[in-house]
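J.: need the 3D shape of this:
(chains A and B)
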Amino acid sequence: MEKFQSLISTAVPVSVENIDTDQIIPARFLKATTRDGFGENLFRDWRYNGDNTPKDFVLNDAKYSGKILVAGKNFGCGSSREHAAWAIHDYGFKVVVSSFFADIFKNNALNNGLLPITVSAMFLQKMFNAIEADPKSEIKVDLENQFIQITASGESENFEINAYKKVCMINGFDNIDYLLSIKDKIKEYEQKRVLA
Amino acid sequence: MSGKTLFDKIWDKHVVTTIPDGPEVFYIDIHYIHEVTSPQAFEGLRKRGIPVFNTKQVVATADHNVPTENQHLPIQNDLSRKQVDQLISNCAEFGVELYGLNHPYQGIVHVIGPELGITRPGMTMVCGDSHTSTHGAFGCIAFGIGTSEVEQVLATQCLLQNKPMRMRINIDGDLKKGVHSKDIILYCIAKLTAGGGTGYFIEFAGSAITSLSMEARMTICNMSIEMGARGGLIAPDETTFNYVNGKKFAPKGTEFDAAVAEWKELYSDAEAVFDAEYTYDAADIAPMITYGTNPGMGIKINENVPSASDIDDVKERESFNKALEYMGLESGQKLLGKAINYVFVGSCTNARIEDFRIVAEVVKGRQKAANVKAYIVPGSKQVEKQIYAEGIDKVLEAAGFEIRQPGCSACLAMNDDKVPAGEYCVSTSNRNFEGRQGPGARTLLASPATAAATAINGYLTDVRELI
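T.: As a prediction, this is how the structure comes out:
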């Protein structure tokens, strides 16, 4: 897994609530058997019409770019498809900010080196306002110190992250390495259960 | 001493160890897999050069991508065929049991597990599919996971998990005529919103729940994810034991009796404390319909679409208006009587035998409206067989319906079963997201009874008028 420590970047705002994983990557694009190339179809039906001509959508607006996606509350609800996290990451985002994430999406993101940051509704609004006022507004994310800052105004907020997940993100560790290292313990548990 | 919830009793038994300041190593009894979310996980095992940890605890089927016609022929779509073939070769290579296309046990993963007796009370189970919550109806901890986690479970039979919070929803009293379990869960989601259960596991309880069949209970747990909850569960009782008894892989004879004795311990203690609790009156629940683009946007079928002006929060109002625009509906509009050209009866939510019995009861002696194209899709080969054995096929065919072959079908439109752009579909599935049933398709979620009544009239119908 890719390491994540900190970054400073402009951000792309998608100010919609309850963005489900079918919007992030529609089911008809889930037929691949590898993890690559999903970025091309990120937000497919919001980006393109049926005839593949571009729609009026923020990802098609040259004003906005960057490695941070900022979205409305309850981001990533719906299907468990990890393809949603793969698509966002493959497109070039390293961080997703929202005031509320769906559980499975959050886990999937963390398992792929994509940092989900939960901020207060008020801070989220400040971010939208700052980006709207100046699409070149930079956002600073510091995982070690767990804060996110709107660089121009200096306004910042701390965010929570599970201590174990933080270590994994910073060092690029993945869960399987850890689980394989305690294989004997798992086997011991299985034995005890059978006997019980 | 405070009591334990049903959820805690099962969870605590499955903790292998706890990482200091971190998650718990959580043991998984049964891992269901399917063709869409498993290929990258098997590829991961291959790259690491490791086997499946415990092949006997993995069960595979092909469901998401399969056609629902001519299943005996090679799959036409190249990518779908490749994905299904990949599942076949992965299962053969790693020694996993596969109930693939044309196998008598094939079907939607959340339909076949219970009907084969693989899903049993007290178990933990996962699948790379959010509707794994379905299995909670048996008193299980069952939840959906992503593909990296599928790989973790294949590799170690474990997951790293933080214990979620506990919620209980009580539904007390008797359901009114024409009201089904689908209406109960759509009612709950409308009350609590599409994100209201996030961070929780939900136990459903109360007399309206315990009086339901296993099929109906599965519909409720199935959609607990649509509130954002990882899963739902219901304490096992005689209804559960009777359902499991005699199923193909269920324990037999004295082993079954011993299992039942253990299963009888699976209930929330009277003193158990929940992090959140809600109680609703069954009599207040009516046939439900959704009008928007998430399952929380639901109303009683005879109510009007809410008005944007009643929503105070600006962001919420913007999202509401965006949803209505997509749906081609107006604030305050009446929905009953709206012309509907597509009806889908199927999916892991409502494609069990009881669902088709309900449809047959409504359509018996009537004719499908000429404007309606109906997808009637059994959840599994066994459900399909039962439909024919009970003569439900005759009733449906006489009314002008065709029965297709098992699969996920128009629930997520990965195969050819799609709803065209701009068309409305009254669907017994679980999600009304934009484009879920095909680009531009407009989904109205409802019970099988409502879907059947609508197919007969060709417009959105309150089933209570037909029964």
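J.: wait, doesn't residue B:346 sit right on residue B:413?
T.: No: with contact defined as C-beta atoms under 8 Å, residue B:346 and residue B:413 do not form a contacting pair (11.7 Å). C-beta here means a position set from N, CA and C on the backbone, and glycine is covered the same way.
J.: check contacts around residue B:230.
T.: Taking C-beta atoms under 8 Å, 6 or more residues apart in numbering or on different chains as the criterion, residue B:230 is in contact with A:103, A:104, B:133, B:143, B:144, B:164, B:200, B:201.
J.: SS state for the closest residue to it other than its chain neighbours?
T.: Of all residues not flanking residue B:230 in the chain, residue B:143 sits nearest, at 4.3 Å (C-beta to C-beta, 6 or more residues apart in numbering or on different chains). The three-state label given to residue B:143 by DSSP: H, G, I helix; E, B strand; the rest coil is strand.
J.: same deal with the one 5 residues further on?
T.: Taken by three-state DSSP, the conformation at residue B:148 corresponds to helix.
J.: that one reaches residue A:108, doesn't it?
T.: Yes: proximity of residue B:148 to residue A:108 meets the contact threshold set by C-beta under 8 Å, at 6.9 Å.
J.: which of these two has more residues huddled nearby?
T.: Neighbours per residue (other C-beta atoms under 10 Å in any protein chain shown) separate residue B:148 from residue A:108, with residue A:108 holding more: 28 against 24.
J.: got the contact list for the more buried one?
T.: Contacts of residue A:108 by C-beta under 8 Å, 6+ apart are A:76, A:80, A:82, A:84, A:85, B:146, B:147, B:148, B:149.
J.: same thing with residue B:233?
T.: Contacts for residue B:233 (C-beta under 8 Å, 6+ apart) come out as B:6-7, B:136-137, B:139-142, B:201-204, B:221.
J.: just give me the neighbour total for residue 79.
T.: Just so you know, I chose chain A. Using other C-beta under 10 Å, residue A:79 is surrounded by 32 other residues.
J.: please refer instead to chain B.
T.: Counted by other C-beta under 10 Å, the residues lying close to residue B:79 total 16.
J.: try residue A:29
T.: A count of nearby residues for residue A:29, using other C-beta under 10 Å, gives 18.
J.: for the closest residue to it other than its chain neighbours, give me the pLDDT.
T.: Closest residue to residue A:29 apart from its sequence neighbours, by C-beta to C-beta, 6+ apart: residue A:41 at 4.4 Å. You'll see residue A:41 listed with a pLDDT of 97.
J.: right, and residue A:41 touches residue A:24 too?
T.: No: Residue A:41 sits out of contact with residue A:24 when judged by C-beta under 8 Å, with a separation of 9.4 Å.
J.: low-confidence ranges, the stretch 51-200 of chain B, go.
T.: Of all residues in the stretch 51-200 of chain B, none has pLDDT under 70.
J.: helices or strands up against the longest helix seen in chain B?
T.: Ranked by number of residues, the top helix in chain B under DSSP state H is helix B:78-94. Contacts defined by 3 or more C-beta pairs under 8 Å, 6 or more residues apart in numbering or on different chains; DSSP states H and E place helix B:78-94 against helix B:39-48, strand B:97-99.
J.: for chain A, find the nearest of those.
T.: Within the helices and strands packed on helix B:78-94, the stretch nearest chain A is helix B:39-48; the backing value is 3.8 Å (C-beta to the nearest C-beta).
J.: quick one: mean pLDDT for that closest one?
T.: Here the average pLDDT along helix B:39-48 is 97.
J.: ok, the closest residue to residue B:22 other than its chain neighbours - contacts?
T.: Leaving aside its sequence neighbours, residue B:22 sits nearest to residue A:164 (C-beta to C-beta, 6+ apart; 3.1 Å). By C-beta under 8 Å, 6+ apart, the contact set of residue A:164 is B:19, B:21, B:22, B:23, B:160.
J.: next: residue B:97.
T.: B:55, B:58, B:59, B:60, B:91.
J.: secondary structure for these - can I get that in CSV?
T.: Formatted as CSV, those follow (three-state DSSP):
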residue, secondary structure
B:55, helix
B:58, strand
B:59, strand
B:60, strand
B:91, helix
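J.: narrow the residues you listed to those that are buried.
T.: Using 16 or more other C-beta atoms under 10 Å in any protein chain shown as the burial test, the contacts of residue B:97 include B:58, B:59, B:60, B:91 as buried.
J.: re the thing from before, bridging residues for the residue nearest to residue B:230?
T.: Taking DSSP bridges as the rule, residue B:143 bridges to residue B:126.
J.: count the neighbours of the residue in chain B positioned nearest to chain A for me.
T.: The minimum distance from chain B to chain A, using C-beta to the nearest C-beta, falls at residue B:22 (3.1 Å). The tally of other residues near residue B:22 (other C-beta under 10 Å) stands at 17.
J.: may I ask which helix or strand encompasses it?
T.: Here residue B:22 sits in a region with no helix or strand, counting by DSSP states H and E.
J.: in the longest helix of chain B, what's buried?
T.: Residues B:79, B:80, B:81, B:82, B:83, B:84, B:85, B:86, B:87, B:90, B:91, B:94 are the ones in helix B:78-94 that count as buried (16+ other C-beta under 10 Å).
J.: before we move on, what about stretch B:374-390?
T.: Under the neighbour-count criterion of 16+ other C-beta under 10 Å, stretch B:374-390 has B:374-384, B:386-387 buried.
J.: same list, those, but as CSV with pLDDT please.
T.: Compiled in CSV, the buried residues of stretch B:374-390 are given as follows (pLDDT from 0 to 100):
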residue, pLDDT
B:374, 97
B:375, 97
B:376, 98
B:377, 98
B:378, 98
B:379, 98
B:380, 98
B:381, 98
B:382, 98
B:383, 98
B:384, 98
B:386, 98
B:387, 98
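J.: buried subset of the contacts of residue A:164 as a PyMOL selection?
T.: Command for PyMOL, covering only those of the contacts of residue A:164 found buried under the criterion 16+ other C-beta under 10 Å:
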select buried, chain B and resi 22+23+160
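J.: which strands or helices does the lowest-mean-pLDDT helix or strand in chain A pack on?
T.: When each helix and strand of chain A is scored by mean pLDDT, DSSP states H and E, helix A:183-195 comes last, with a mean of 89. Contact here means 3+ C-beta pairs under 8 Å, 6+ apart; on that basis helix A:183-195 packs against strand B:15-18, strand B:24-27.
J.: out of the ones you listed, which gets nearest to residue A:50?
T.: Residue A:50 lies closest to strand B:24-27 among the helices and strands packed on helix A:183-195, at 43.4 Å (C-beta to C-beta).
J.: sounds good, over and out.
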